[in-house]
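K.L.:
need coordinates for the below:
(2 chains)
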Amino acid sequence: MTDRSAGATHRYRTAGFDAGLRRRRRRETVLKGLGILSIAIAIGMLVTLFGSIFWQARTAFVQTQIGLEIDIAAEEFEGGADATASAIKGASFRGMVRDALYDRLGGRPDSRAARRDMGAIVSADAPFQLMQDVLDNPDLIGQTRMFWLPASDDVHNLVQGVIDPDTPAADLPVGERVMGWLEELEAQNAIRSAFAWDLFLRSDSRDPEVAGIFAGVVGSALMLTVTLLVSLPLGVAAAVYLEEFAPRNWFTKVIDANIRNLAAVPSIVFGLLALAVFIRVFGMPRSSPLVGGLALSLLTLPTMIIAARAAIAAVPPSLRTAAMELGASKMQTVTKVVLPNALPGILTGTIISMAEALGETAPLLMIGMIAFVADPPSGFLDPAAPLPVQIYTWSTSPERAFAAKTAAAIIVLLLFLFLMNALAIYLRDRLQKKW
Amino acid sequence: MSLTVATYTILVLSLVGYLMGYRWAKNLERGRARRLHSRPHYHGLWVALCMLLPATIAMLAAIALRGAVIDWLVLQQMPESYLADKDRSLVTTRLWTIARDQFGVTNVRDVEEAAAARLLRLTNLANWAIGLGSIAISFGMGVYALRPLSHTFQARNAAERIILWILVACSAVAVLTTAGIVFTLIFDSLRFFSMVSPTEFLFGLDWRPITAIREGQVGQEGSFGFVPVLVGTAQIAFLAILVAGPIGLLSAIYMVEFAPHRVRATAKPVIEVLAGIPTVVYGFFAATLVAPLVRDLGNAIGIPASSESALAAGSVMGIMIIPFVSSLSDDVVSSVPNRLRQAAYTMGATQGETIMRVVLPAALPGLVSALVLAISRAIGETMIVVMAAGLAANLTLNPFESVTTITVQITTVLTGDQPFDSPMTLSAFALALALFAITLMLNLFALQVMERYRDQYD
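P.N.:
Below you'll find the predicted structure:
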């Protein structure tokens, strides 16, 4: 490098040339640096997104519960200790919970406002949970027992630190006396945090502290069943035709161009199509998994067809010739030779398009899947609110505790997607043959 | 009879048909020296397909026509005096609401009560007719299919011909879907344009999709000017591509040209994860984290910022389409032939110069089409903007203010409680038609450019 006199080949390396080369190399480093920076930004965004969601979800996985000594007095029930189910349902569990709260917190407050505030420490759903316990176990009648009942969402937020208890009193969702009662409960060890089974085992509710995603998961499962049953056969049949039978004519070209364009049509348009065709023309029930599933089938069909075609095209032609040589018809070759060998690829494509369908939300809003659904749908025609829609409706709810619930539901959704994609990758690596 | 029962009956009948065809062929074969042309199960398949397909097609067609025919029949029976000054489609909607006993309809007149009852009776009757009719077709086709079974009958060829037609029909579903989309959007848009003039829609500067709830209500005349919605959509898409374009392109260039194999093998799938995240998740991220940040940022630098700013929605949408841009550009850049790079190196160019002066110009058409496809994706995206952008159509270019998009307006209009035939509800279809047309044009353009680019180096 430094030996300037070494020979004719190096004569052009003047000081100016070296400086120029350094400058040119610097530009290259800048380009490289920008590339690394971009990748870092993209990955940083991904981490921020996951981080923010996990951070917001942390309080949704625990349920704040209040421990109350509840006297389930026999005289509260019509028929006493042998009360029938309907008599149990008629009893005032609200009153029992109230009385237990008064006992805990030093007697019945004098003012109505104070009584209301005290009652609002436990969830509005707590009396129903107590009723369910008694219905399940009527022997409880006439006993005094310790029950752990869910606290209201405001109390939950305070106890779990979603709302800092040291914020100025005016900004707190509850009054000063409630803060005092909470301290008292804390002192009596009557507040605990338990794992929020309700989040997974119960369905949507107006009260965020007991709302769960069960109905959403069931709705999504029913919808995906319809999507799978429709789009898998349709997609494979179309792929088989296009790869194995289609003559090279204008009709094939039209289908081909169509599939490519459909893959890029905004998903919301498929929702409008489903609204117009399935609901208005065919009269199928709104918000049902059937209509949702059909809309998603049309949406995922291009992905399915493209994946299945790739899998079929990957089967070597020699296998087809061998089968035909043995006297198989074209159709027999396809069903007995081509499809079995293309199966792993088709399965992978299917799982990936089902994952795509699982996360889709916009077309479902178009077909009315936005209603409040408190019970899991029991069939394909019942109103359903699939998991992504549940996430959307929760995220628009004003109660603050729903934000954490939303994040928790997102984690569940992402977990499902992760599992599906992992399964697809596993199948691809495990089953796919190398020819 | 419920149609479900009819469907199951036809399925069972077809199964019986399969078994009969199979037995029949087996019996033909037994004790004779002559062999059948096709194996027995092809005879069964032939019978089953004959019984299943025509009946199913007839049933679906009848269900599709059922509603319109019944509505027409019921309206025919209603007194002229009742129908005189009413929109017929509104009348049927009201009758159905009464018939299903929804929403606690009030002021039901006797005429309406009777018509609603008739509606239910006719629907019930139609279901019976459709069910029995399709079972009869299935049965008749079974008899027809069993007759030709013989030694010489080419059952395999016959069955395979039917199956081939099924395959053709399945492929045609893609075409039918497109046709369905175009037809629905145009049909309902035309109804919209019969109420609102196309000029107002295309050039109007004010978008307030409200319909008078009572007749003659003051100040409740909606206005349907598309321009602010279009500008809002374009603005958010532009902001998105401003984020995704550079990041996606630069990371693709780095991964193709510089990155060691190991870095590429890990970074590429990690970035692709961004593409697998549902859009509702991005929407939540935009609404809870990015939007407040942008608002605080705006207030900190002295620009009053909305908490539903275009910037928040646009930048999160940009993050969403990063993998889209980067994987498309990755393909484009890697398909630039190596001989071009080698020629540049021979001339003494550094790697950076080769990329900037040779590879990128060669890849330009492909990169442009990648960006166009990404823009089209951003325009059609719904959930992020529904959750993070505004509802009011402000005609502004300030990224800190709230704007609305086509998809937001479609969602708002269709998830509200509005009668189906109001201009407000129908405006969703006009918006969707515009959305479909815009994205289709962008996609066609991008695909065309991409195709020509591929041909150039193949």
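K.L.:
mind checking if the host helix or strand of B:Arg454 is in reach of chain A?
P.N.:
Assigned by DSSP states H and E, B:Arg454 falls within helix B:423-457. Yes - judged by Cβ under 8 Å from any Cβ of the partner chain, helix B:423-457 comes into contact with chain A through B:Ala428, B:Phe429, B:Ala432, B:Leu435, B:Phe436, B:Thr439, B:Leu440, B:Asn443, B:Leu444, B:Leu447. Heads up, the C-betas are built off the backbone N, CA and C, glycines and all.
K.L.:
I'd like the residues you listed written out as CSV, with pLDDT added.
P.N.:
CSV is the format used below for these (pLDDT from 0 to 100):
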residue, pLDDT
B:Ala428, 89
B:Phe429, 91
B:Ala432, 93
B:Leu435, 94
B:Phe436, 94
B:Thr439, 93
B:Leu440, 93
B:Asn443, 91
B:Leu444, 90
B:Leu447, 85
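K.L.:
got CSV for these, with neighbour count too?
P.N.:
Output for those, formatted as CSV (neighbours: other Cβ atoms under 10 Å in any protein chain shown):
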residue, neighbour count
B:Ala428, 28
B:Phe429, 24
B:Ala432, 27
B:Leu435, 26
B:Phe436, 21
B:Thr439, 23
B:Leu440, 18
B:Asn443, 21
B:Leu444, 16
B:Leu447, 17
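K.L.:
A:Lys32: which of these is nearest?
P.N.:
B:Leu447 (32.0 Å; Cβ to Cβ).
K.L.:
and the closest one, how far is that from A:Ala15?
P.N.:
The span separating B:Leu447 from A:Ala15 equals 52 Å under the rule Cβ to Cβ, to the nearest Å.
K.L.:
what do you get for B:Val408?
P.N.:
For B:Val408, the distance to A:Ala15 - Cβ to Cβ - is 62 Å.
K.L.:
so which of the two has more stuff around it?
P.N.:
B:Val408 (27 against 8; other Cβ atoms under 10 Å in any protein chain shown).
K.L.:
which SS state does that one fall under?
P.N.:
helix (DSSP: H, G, I helix; E, B strand; the rest coil).
K.L.:
can you tell me what sits against stretch B:248-257?
P.N.:
Contacts of stretch B:248-257 with the rest of the structure, by Cβ atoms under 8 Å, 6 or more residues apart in numbering or on different chains, involve A:31-32, A:34-39, A:42, B:263-264, B:267-268, B:271, B:321-327, B:329-330, B:332-334, B:351, B:355, B:359-360, B:367, B:374.
K.L.:
which helix of the chain spans the most residues?
P.N.:
Reading this off chain A. Ranked by number of residues, the top helix in chain A under DSSP state H is helix A:15-57.
K.L.:
ah, I was thinking of chain B
P.N.:
helix B:155-195.
K.L.:
tell me the first helix or strand C-terminal of it.
P.N.:
Heading C-terminal from helix B:155-195 (DSSP H and E), you reach helix B:198-203.
K.L.:
does anything pack onto that next one? Which helices or strands?
P.N.:
Under the contact criterion of 3 or more Cβ pairs under 8 Å, 6 or more residues apart in numbering or on different chains; DSSP states H and E, helix B:198-203 touches strand B:223-224.
K.L.:
what's the strand it packs on in contact with?
P.N.:
So strand B:223-224 is contacted by B:Val196, B:Glu200, B:Phe201, B:Gly204, B:Asp206, B:Trp207, B:Arg208, B:Pro209, B:Pro423, B:Ser427, B:Ala430 (Cβ under 8 Å, 6+ apart).
K.L.:
and for the fifth one, the neighbour number?
P.N.:
Burial of B:Asp206, expressed as a neighbour count using other Cβ under 10 Å, amounts to 13.
K.L.:
OK, contacts around it?
P.N.:
B:Ser223, B:Gly225, B:Pro228, B:Ala393.
K.L.:
what pLDDT is listed against the closest residue to the second one other than its chain neighbours?
P.N.:
Right, the one you point to is B:Gly225. Leaving aside its sequence neighbours, B:Gly225 sits nearest to B:Gly204 (Cβ to Cβ, 6 or more residues apart in numbering or on different chains; 2.2 Å). The score at B:Gly204 is 80. That number is its pLDDT.
K.L.:
just give the number of residues close to B:Gly204.
P.N.:
Applying other Cβ under 10 Å, I find that B:Gly204 has 16 neighbouring residues.
K.L.:
got the phi/psi numbers for it?
P.N.:
Backbone geometry at B:Gly204, expressed as degrees, to the nearest 10, gives phi -60, psi 140.
K.L.:
and it, how far from chain A?
P.N.:
22 Å (Cβ to the nearest Cβ, to the nearest Å).
K.L.:
which residues touch that residue?
P.N.:
Contacts of B:Gly204 (Cβ under 8 Å, 6+ apart): B:Ser223, B:Phe224, B:Gly225, B:Phe226, B:Val227.
K.L.:
and those residues, which are buried?
P.N.:
By neighbour count, with 16 or more other Cβ atoms under 10 Å in any protein chain shown, those hold B:Phe224, B:Gly225, B:Phe226, B:Val227 as buried.
K.L.:
so the first one bridges to which residues?
P.N.:
With beta bridges defined as DSSP bridges, B:Phe224 has these partners: B:Trp207.
K.L.:
from the contacts of strand B:223-224, pick the one nearest chain A.
P.N.:
Nearest to chain A among the contacts of strand B:223-224: B:Ala430, at 11.1 Å, using Cβ to the nearest Cβ.
K.L.:
that older thread, the longest helix of chain B packs against which elements?
P.N.:
Looks like helix B:155-195 contacts helix A:214-240, helix A:250-262, helix A:267-274, helix A:289-313, helix A:330-333, helix B:40-77, helix B:423-457 (3+ Cβ pairs under 8 Å, 6+ apart).
K.L.:
dump the following helix or strand past the longest one to CSV, restricted to CA.
P.N.:
Going back to what we said before, that points to helix B:40-77. Following helix B:40-77 in sequence order, the next helix or strand is helix B:80-83 (DSSP H and E). Provided in CSV are the C-alpha atoms of helix B:80-83 (Å, rounded to 0.1, in the frame of the first residue of the first chain):
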residue,chain,number,x,y,z
GLU,B,80,-103.1,-0.3,-3.0
SER,B,81,-104.2,2.3,-0.4
TYR,B,82,-101.5,1.1,1.9
LEU,B,83,-98.7,0.9,-0.7
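K.L.:
please work out the average pLDDT along helix B:80-83.
P.N.:
Helix B:80-83 comes out at a mean pLDDT of 72.
K.L.:
can you give me the helices for the stretch 101-250 of chain A?
P.N.:
A:112-119, A:126-136, A:153-159, A:176-187, A:198-201, A:214-240, A:250-262 (DSSP state H, counting those that start in this stretch).
K.L.:
make TSV out of these and add distance to chain B and mean pLDDT.
P.N.:
What follows is those, written out as TSV (distance: least, Cβ to the nearest Cβ, whole Å; pLDDT from 0 to 100):
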stretch	distance to chain B	mean pLDDT
helix A:112-119	29	83
helix A:126-136	26	87
helix A:153-159	15	86
helix A:176-187	27	83
helix A:198-201	17	87
helix A:214-240	4	94
helix A:250-262	5	87
